[in-house]
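Engineer: what would the 3D arrangement of this be:
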Amino acid sequence: MFAYRVPWSGAPWRSCDLIASADMPDFVWEPTPDYIQNANVTRLMRRVGIDDYHDLVEWSIDDVGRYWNEVVADLGIDFFEPYDRVLDDSRGPQWPRWFVGGRIN
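Structural biologist: All right, here's what the predicted structure looks like:
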């Protein structure tokens with residue numbers, strides 16, 4: 001079984017170590033079927049016609065623009081000024097611009 005250990009160094013995402021422990025349970029928490037059926041991510045999956053969570057993750061990586069466009073629509077986020085593009089990474093992945101041209105509250 002795996003767990004994340006995150007030592008504090010001011011930037012925990014830079015110093016995460018994946019550790020294994022034989023005495024650790026397989027899951028810390030497992031959602032009930034009712035919880036899964038009523039989850040926001042389940043609603044999004046139904047909306048876009050995806051049945052498997054792993055397929056959703058793959059889709060979110062393969063089609064970033066459409067994925068985030070659907071997330072915004074599913075969550076009902078209203079833009080006062082609609083965005084022209086979901087993602088502009090033309091300056092490189094280290095300088096992304098999200099929801100270009102859009103304005104929210």
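
Engineer: which parts of the protein are helices?
Structural biologist: Counting by DSSP state H, the chain has helices at residues 33-37, 40-48, 53-62, 64-75.

Engineer: save those as JSON lines, and put in mean neighbour count too.
Structural biologist: C-beta: built from backbone N, CA, C; applies to glycine. Listed next are the helices of the chain as JSON lines, based on neighbours: other CB atoms under 10 Å:
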{"stretch": "helix 33-37", "mean neighbour count": "10"}
{"stretch": "helix 40-48", "mean neighbour count": "14"}
{"stretch": "helix 53-62", "mean neighbour count": "12"}
{"stretch": "helix 64-75", "mean neighbour count": "15"}
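
Engineer: my read is that N105 contacts F79, right?
Structural biologist: No - using CB atoms under 8 Å, N105 makes no contact with F79, being 9.3 Å away.

Engineer: before we move on, the earlier item: can I get the helices of the chain in TSV with distance to F27?
Structural biologist: Shown next, in TSV, are the helices of the chain (distance: least, CB to CB, whole Å):
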stretch	distance to F27
helix 33-37	14
helix 40-48	17
helix 53-62	15
helix 64-75	26
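
Engineer: kind regards, and thank you for your time.
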